[in-house]
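[1] Let's see this in three dimensions:
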Amino acid sequence: YKDSAESMINRIIEETKLKNSTIKKLSKTKYRVLIGPFNDIKNLENSFNKIKLLNFENIEILKDV
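    Prediction:
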C-alpha cells in the first residue's frame with residue numbers, strides 16, 4: 001500500500017541516510033520502493049548492507065526497473 005511504501009521510505013532516510021529512494025506504483029494497491037540508480041557495484045553493496053540492517057521482509061536487487 002502507498003502508506004506502507006511512504007513509511008518505508010521515511011524509515012530508510014531516517015535510519016540509513018540514503019536519499020535516492022522512490023515509490024513505483026505497480027497496481028491500484030501495490031507499490032514498490034526503489035533505491036538507486038547506482039553507478040558502481042560498491043555503492044550498490046553499501047546501500048544494500050544498510051537496508052539489510054532494517055530487517056525488511058523482502059529485499060531484491062532489480063536491474064533496469
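[2] Outside of stretch 57-65 itself, list whatever touches it.
    With CB atoms under 8 Å, 6 or more residues apart in numbering as the test, stretch 57-65 has contacts from 24, 32, 34, 44, 48, 51-52. Bear in mind the C-beta positions are built from the backbone N, C-alpha and C, glycine included.
[3] typo on my end, stretch 38-46
    Contacting residues not belonging to stretch 38-46 are listed as 36, 47, 61 [CB under 8 Å, 6+ apart].
[4] Can you check the pLDDT for Lys19?
    pLDDT for Lys19: 89.
[5] one step back: show the buried residues in the contacts of stretch 38-46.
    Among these, those buried by neighbour count (16 or more other CB atoms under 10 Å) are 36, 47.
[6] Tell me the one of the contacts of stretch 38-46 nearest Ser7?
    The closest of the contacts of stretch 38-46 to Ser7 turns out to be Ser47 (CB to CB; 18.9 Å).
[7] What average pLDDT does the host helix or strand of the closest one get?
    Secondary-structure element containing Ser47, defined by DSSP states H and E: helix 41-52. What helix 41-52 shows for mean pLDDT is 94.
[8] tell me which residues of the host helix or strand of Glu6 are tucked away?
    In this assignment (DSSP H and E), Glu6 forms part of helix 2-16. By neighbour count on 16+ other CB under 10 Å, the buried set for helix 2-16 is 5, 8-9, 12, 16.
[9] Distance to Lys28 and pLDDT for these - can I get that in a markdown table?
    As requested, those are exported to a markdown table (distance: CB to CB, whole Å; pLDDT from 0 to 100):
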| residue | distance to Lys28 | pLDDT |
| --- | --- | --- |
| Ala5 | 14 | 95 |
| Met8 | 19 | 94 |
| Ile9 | 20 | 95 |
| Ile12 | 24 | 95 |
| Thr16 | 29 | 93 |
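[10] roughly how far apart are Glu15 and Phe48?
    Using CB to CB, to the nearest Å, Glu15 is found at 14 Å from Phe48.
[11] about what we covered before: top of the contacts of stretch 57-65 by neighbour count?
    Neighbour counts for these, by other CB atoms under 10 Å, peak at Ile51, which reaches 19 neighbours.
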